[in-house]
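In: The sequence isn't on hand, but the structure is:
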């Protein structure tokens, strides 16, 4: 039996990869067992045992040396027994472990299994954060997120960004020095062309190149255990989630952006600014990339045309306190952001150039053509606000002064309510 390890952060497609590998008749890849954590624990115990028995000398506060061959052999014994049990039950010749804890024990895994292939799986940080937020609606206790989120309780985006930075930094650092067999896989390209990614992996694992696992991935029983909770309700591989993170609010500190961009450059990913502007699938040159989004100014003209009809006077009067407001169309992939001014009488006109918003005028950022999709009934306004595709970018002058009139004036909720009412009036 041969061993292999998937090395990946949470919410990066590792359960999908496990299902594909586990579908091969020569490979077994069970739910997360955290065998690397067990291996680390056994190495430490056997190391301490050797010190107690006088086989090795204590390090007197210094960092412990790499485990000896004897320690690795003893530690592997218990771990191998578990791997062999899975492999025998499946009739497989390769055991592939997929556990999120492996990142924390890479040195030990590499020392104890120097010939075991390592599969480094990456996902674009914005999409990983968006997936992590969705999977943690009732709390951040899973996936190892809690320490990072608790460090920034007022900014979940920044907390999960620090998680991605920490995990990926450790992966790349080890990837640079590991001399054993390895492969780098990108979640986006795995979804775009699973056959090409699997050819690389099957060659690495020295098994037959069997593309039929793609068809069987969601039909086979892959065991119950930790992993992506949504995959059992999935019937096919899709690129629909790629680029979803562009709707995240840009709540990252400059030092975070700098570090993420450094890691992205090493991974040959586009930088954050590019991903926030447009569709990630197009930026990655994917075979099934969506068509590039329209120019922001084109979308702005369509929004102005949509809102060109005169809404009922009673509607204008009801929301006059929230007007005028400015719409800024961003994340369009190319061209300058579009700008639309909705004046005090609810008239709409395109603004030219990237001028500054007048003092006291609310600015609403809209991701791409989301307002047009809302008008067409494809997206609900409330869902777009929840997902960050529509948001009030700045407070008004009255809000900044602290009027103290709660629920009255031009606060974010009033501005969004006015915009939603104006769109409903025209559809």
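Out: On my side now, so go ahead. What you see is a predicted model; the values in this text were computed from it and never measured.
In: tell me the pLDDT at the residue of the chain most remote from its centre?
Out: Largest separation from the mean C-alpha position in the chain: residue 54, at 48.4 Å (C-alpha atoms, centre = their mean). Residue-level confidence at residue 54 comes out at 88, pLDDT.
In: now residue 193
Out: Reported pLDDT for residue 193: 95.
In: If you drop the residues flanking it in sequence, what lies closest to it?
Out: residue 287 (5.8 Å; C-beta to C-beta, 6 or more residues apart in numbering). Heads up, the C-betas are built off the backbone N, CA and C, glycines and all.
In: and that neighbour, how many neighbours?
Out: Number of residues near residue 287 (other C-beta atoms under 10 Å) recorded here: 11.
In: ditto for residue 50
Out: Using other C-beta under 10 Å, residue 50 is surrounded by 17 other residues.
In: I'd guessed it sits against residue 58; true?
Out: No. Assessed by C-beta atoms under 8 Å, residue 50 is found out of contact with residue 58, at 10.1 Å.
In: Could you confirm residue 51 falls within a strand?
Out: No. Membership of residue 51 in a strand is not supported by DSSP: H, G, I helix; E, B strand; the rest coil, which gives helix.
In: Please parse the chain into its domains.
Out: Domain segmentation of the chain under automatic domain parsing yields 2-283, 296-425.
In: Can you give me the end-to-end span of the last one?
Out: Spelled out, it's domain 296-425. 23 Å (C-alpha to C-alpha, to the nearest Å).
In: mind showing which ranges of the stretch 301-427 of the chain have poor pLDDT?
Out: Where the stretch 301-427 of the chain drops to pLDDT under 70, the residues are 332-335, 353-360, 394-410.
In: Helices of that one, start to end?
Out: For the stretch 301-427 of the chain, the helices defined by DSSP state H, counting those that start in this stretch cover 313-318, 370-375, 381-386, 397-401, 412-425.
In: winner for burial among those helices?
Out: helix 370-375 (a mean of 21; mean count of other C-beta atoms under 10 Å).
In: For it, give me every contacting residue.
Out: Outside helix 370-375, the residues within contact range by C-beta atoms under 8 Å, 6 or more residues apart in numbering are 299, 302-303, 306, 327, 379-381, 384, 389-390, 423, 426-427.
In: average pLDDT for stretch 205-220?
Out: 91.
In: quick one on the thing from earlier: mind checking how far the residue nearest to residue 193 is from residue 191?
Out: Applying C-beta to C-beta, to the nearest Å, the value for residue 287 to residue 191 is 11 Å.
In: ditto for residue 413
Out: On the measure of C-beta to C-beta, residue 413 and residue 191 end up 37 Å apart.
In: can you pull out the strands in this structure?
Out: Residue ranges of the strands in the chain, as given by DSSP state E, are 2-7, 27-28, 94-98, 118-122, 182-186, 325-330, 338-342, 348-351, 363-367, 390-392.
In: how about those strands, which one is nearest residue 88?
Out: Smallest distance to residue 88 across those (C-beta to C-beta): 9.2 Å, for strand 27-28.
In: residues in contact with the residue sitting nearest the centre point of the chain?
Out: Centroid check for the chain by C-alpha atoms, centre = their mean gives residue 128 as the closest residue, at 0.9 Å. For residue 128, the contact set (C-beta under 8 Å, 6+ apart) comprises 9, 10, 11, 12, 160, 164, 245.
In: Mind doing that once more with 7 Å?
Out: Residue 128 makes contact with 9, 11, 12, 164 under the criterion C-beta atoms under 7 Å, 6 or more residues apart in numbering.
In: what's the spacing between the last one and residue 15?
Out: Translated: residue 164. Taking C-beta to C-beta, one finds residue 164 at 18 Å from residue 15.
In: One more: residue 392?
Out: 36 Å.
In: do residue 147 as well
Out: Taken as C-beta to C-beta, the span from residue 147 to residue 15 is 22 Å.
In: The two: which has the busier surroundings?
Out: Set residue 147 next to residue 15 and count neighbours by other C-beta under 10 Å: residue 15 wins out with 24 against 12.
In: Surely that one touches residue 223?
Out: No. Residue 15 is beyond contact range of residue 223, at 11.3 Å (criterion: C-beta atoms under 7 Å).
In: before we move on, back to that, how about the residue nearest to the centre of the chain: what's its closest non-neighbour residue?
Out: Residue 128 sits nearest to residue 11 (C-beta to C-beta, 6+ apart), 5.1 Å away.
In: Could you pull up the residues touching that neighbour?
Out: Residue 11 neighbours (C-beta under 7 Å, 6+ apart): 128, 131, 132, 135, 143.
In: Okay, the first one and residue 325: tell me how far apart.
Out: Between residue 128 and residue 325 the distance is 33 Å, computed by C-beta to C-beta.
In: Ok, the third one next?
Out: Taking C-beta to C-beta as the measure, residue 132 falls 32 Å from residue 325.
In: for the last one, same thing?
Out: As judged by C-beta to C-beta, residue 143 and residue 325 stand 38 Å apart.
In: Of those two, give the one with the bigger neighbour count.
Out: Neighbours were counted for residue 143 and for residue 325 using other C-beta under 10 Å; residue 325 has more, 26 against 17.
In: The more buried one and residue 364 touch, don't they?
Out: Yes. In this structure, residue 325 is within contact of residue 364 by C-beta under 7 Å, at 6.1 Å.
In: Give me the common contacts of the two.
Out: In contact with both residue 325 and residue 364: 415, 419, using C-beta under 7 Å, 6+ apart.
In: separation between the residue farthest from the centre of the chain and residue 34?
Out: If you go by C-beta to C-beta, the gap between residue 54 and residue 34 works out to 32 Å.
In: do the same with residue 324
Out: 57 Å.
In: Next: residue 127.
Out: Distance, residue 127 to residue 34, by C-beta to C-beta: 25 Å.
In: So these two - more neighbours on which side?
Out: residue 127 (23 against 15).
In: ok now do the more buried one, which residues does it touch?
Out: Shown in contact with residue 127 (C-beta under 7 Å, 6+ apart): 241, 242, 243, 244, 245.
In: Could you do residue 250 as well?
Out: Applying C-beta under 7 Å, 6+ apart, we find residue 250 in contact with residue 276.
In: Need the pLDDT of it.
Out: Reported pLDDT at residue 250 in the predicted model: 82.
In: same thing with the one 5 residues further on?
Out: As predicted, residue 255 sits at a pLDDT of 97.
In: Likewise for the one 10 residues further on?
Out: Model confidence at residue 265, given as pLDDT, is 98.
In: going forward can the numbers begin at 405, since that is how I track them
Out: Noted, 405 is the first residue going forward, which turns the last one into residue 669.
In: Which positions in stretch 701-708 come out as buried?
Out: Counting neighbours by 16 or more other C-beta atoms under 10 Å, one finds that the buried residues in stretch 701-708 are 701, 703, 704, 705, 706, 707, 708.
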